[in-house]
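Peer 1: Sequence first, predicted model second:
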Amino acid sequence: MKIARRNLLKTSAATAAAFSASAALSSRSYAADPIKVASIHDLSGGLDIYGKPMVDALTLAIEETNAGGGLLGRELKLVSYDPQSNMQLYTQYAQDAALKEKVAVVHGGITSASREVIRPVLDRFKTLYFYNTQYEGGVCDRNQFDTGVTPAQTVQKLVPYSMKKWGNKVYIVAADYNYGQITSEWVKKYVKDNGGETVATEFFPLDVTNFGPSIAKIQAANPNFVWSALVGGAHISFYRQWAAAGMNKKIPMASTTFAVGNEHIVLSPEECNGMLICYNYFQDLKNPQNAAFIERFHKRFGANYPNVTELAMGTWQGFQLWATAVKKANSVDRMKVIEALETGISIDAPSGKVTIDPPTHHCVLDVHIAEVKDKKLNVLEDFSQQPPADTAAVCNLKKNPNDNKQYVIKA
């Protein structure tokens with residue numbers, strides 16, 4: 001884990017240096033002031049395993065745009081903040097981005113807690129916000145656009161697939177905050193809908209590293225499989241301890257969080273082979289656009305880059321949707337860009353077609369079920385153009401444009 005983090009830190013440092021050099025060279029050809037794009041993602045702290053690839057993806061998107069002449073004839077400038085998994089810093093940096101740097105858009109936040117401290121600040125100071133992370137659904141805010149998958153797009157697919165493969169008794173382990181708590185309710189709903197039983201649910205704070213007592217409980221409950229919604233660097237300990245106890249050879253596991261932080265690269269194949277996961281994007285997707293994207297990504301960040309993650313792709317897609325809307329609006333004015341996005345803008349991405357759903361400001365996405373095998377994510381089944389049905393049940397910004405809250409959707 002430490003080795004992987006050191007490598008990613010080196011990559012991030014190289015990224016920053018190269019981007020500065022690129023920006024310095026390209027700025028000579030632009031007459032107008034640059035358009036500033038803010039990144040507020042953890043580059044240190046317990047969630048840096050997610051944040052670094054997200055910043056790298058945003059860096060690549062901005063560099064490629066500048067190499068192609070910029071946006072509206074103006075250079076793009078990345079303003080990057082490291083909140084260090086600290087909510088107070090998230091609040092401070094959101095305010096700095098809006099008031100001091102006067103950025104056109106913020107791409108930021110990883111956990112739901114970080115999103116919910118950024119969101120009111122950017123609403124207040126009228127700065128457009130993209131949240132590019134998978135999450136529990138339910139946010140209804142005209143100033144925010146969400147590119148990540150929600151439970152109706154992933155949990156709904158992975159639960160019946162796993163039950164058909166392994167059986168009907170499920171034990172849930174999850175992070176103890178909004179995502180883990182609400183996602184667990186969706187898991188229980190879909191387990192019940194498919195004729196199964198949730199035998200127990202356990203929640204763990206993000207800094208917990210000792211899972212011995214819980215592993216003993218799972219062993220005693222003897223479920224057909226475990227569902228993991230664990231999050232962050234500390235929770236990797238669960239998978240190590242699970243394998244060390246020999247449980248990975250007895251009880252299989254499904255997850256909608258595993259591998260988004262490259263856990264399958266950090267862990268050995270013996271510790272995680274056979275897990276099932278479901279996301280919008282895997283580096284191993286077979287299509288021409290993804291092959292070209294991965295080639296460019298590796299050319300920029302090195303052939304040994306560990307893996308382009310779901311969250312990195314969500315960030316890249318968030319930038320591309322915003323840039324497409326800026327071109328359509330012929331402006332970076334917040335409301336003009338929002339109105340352009342609300343026309344239902346689509347992009348053809350390495351993950352497939354991505355379309356803004358106007359009433360919810362979420363995305364219609366392809367999703368895929370994959371199996372972890374020898375540090376690869378092998379795609380088993382594809383589901384085309386899945387709508388954000390959970391959030392659509394509570395949010396309609398076309399009818400209620402002034403709505404501004406996160407709904408807890410009743411599963």
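Peer 2: That came through, no problem.
Peer 1: State the distance spanning the first to the last residue of stretch 216-226.
Peer 2: One end of stretch 216-226 sits 13 Å from the other (C-alpha to C-alpha, to the nearest Å).
Peer 1: Show me where the stretch 1-150 of the chain has its strands.
Peer 2: Per DSSP state E, counting those that start in this stretch, the stretch 1-150 of the chain carries strands over the ranges 35-40, 76-81, 105-108, 128-131, 139-141, 144-146.
Peer 1: Now do the third one: distance to the chain's middle.
Peer 2: So that's strand 105-108. Here strand 105-108 shows a centroid-to-chain-centroid distance of 13 Å under the convention C-alpha atoms, centre = their mean, to the nearest Å.
Peer 1: Which elements pack onto that strand?
Peer 2: strand 35-40, helix 87-95, helix 112-124, strand 128-131, helix 310-329 (3 or more C-beta pairs under 8 Å, 6 or more residues apart in numbering; DSSP states H and E). C-beta: built from backbone N, CA, C; applies to glycine.
Peer 1: tell me the domain ranges of this structure?
Peer 2: Following automatic domain parsing, the chain resolves into domains at 2-150+285-365+387-406, 155-255.
Peer 1: Throw those into TSV and include distance to N378 and mean pLDDT, thanks.
Peer 2: Putting the domains of the chain into TSV (distance: least, C-beta to C-beta, whole Å; pLDDT from 0 to 100) gives the following:
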stretch	distance to N378	mean pLDDT
domain 2-150+285-365+387-406	11	90
domain 155-255	14	95
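Peer 1: Nearest to G261 among the ones you listed would be which one?
Peer 2: domain 2-150+285-365+387-406 (3.6 Å; C-beta to C-beta).
Peer 1: Show me the one of the domains of the chain that comes nearest I265.
Peer 2: Once the domains of the chain are compared by C-beta to C-beta, domain 2-150+285-365+387-406 is nearest, at 4.6 Å.
Peer 1: on that earlier part again, just send the domains of the chain back as a markdown table, with mean neighbour count and distance to G261 too.
Peer 2: Below are the domains of the chain laid out as a markdown table (neighbours: other C-beta atoms under 10 Å; distance: least, C-beta to C-beta, whole Å):
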| stretch | mean neighbour count | distance to G261 |
| --- | --- | --- |
| domain 2-150+285-365+387-406 | 20 | 4 |
| domain 155-255 | 19 | 7 |
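Peer 1: and those as JSON lines, adding distance to L377?
Peer 2: Formatted as JSON lines, the domains of the chain follow (distance: least, C-beta to C-beta, whole Å):
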{"stretch": "domain 2-150+285-365+387-406", "distance to L377": "8"}
{"stretch": "domain 155-255", "distance to L377": "12"}
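Peer 1: part of a strand, is W242?
Peer 2: No - read with DSSP: H, G, I helix; E, B strand; the rest coil, W242 is helix and lies in no strand.
Peer 1: for it, what are its contacts?
Peer 2: By C-beta atoms under 8 Å, 6 or more residues apart in numbering, W242 lies in contact with F211, I215, N248, M253, E271.
Peer 1: quick revisit: among the strands of the stretch 1-150 of the chain, which comes closest to E339?
Peer 2: Smallest distance to E339 across the strands of the stretch 1-150 of the chain (C-beta to C-beta): 11.6 Å, for strand 128-131.
Peer 1: Please identify the pairing partners of the closest one and their relative orientation?
Peer 2: Its sheet considered, strand 128-131 pairs with strand 105-108 (parallel), strand 144-146 (parallel) by DSSP bridges.
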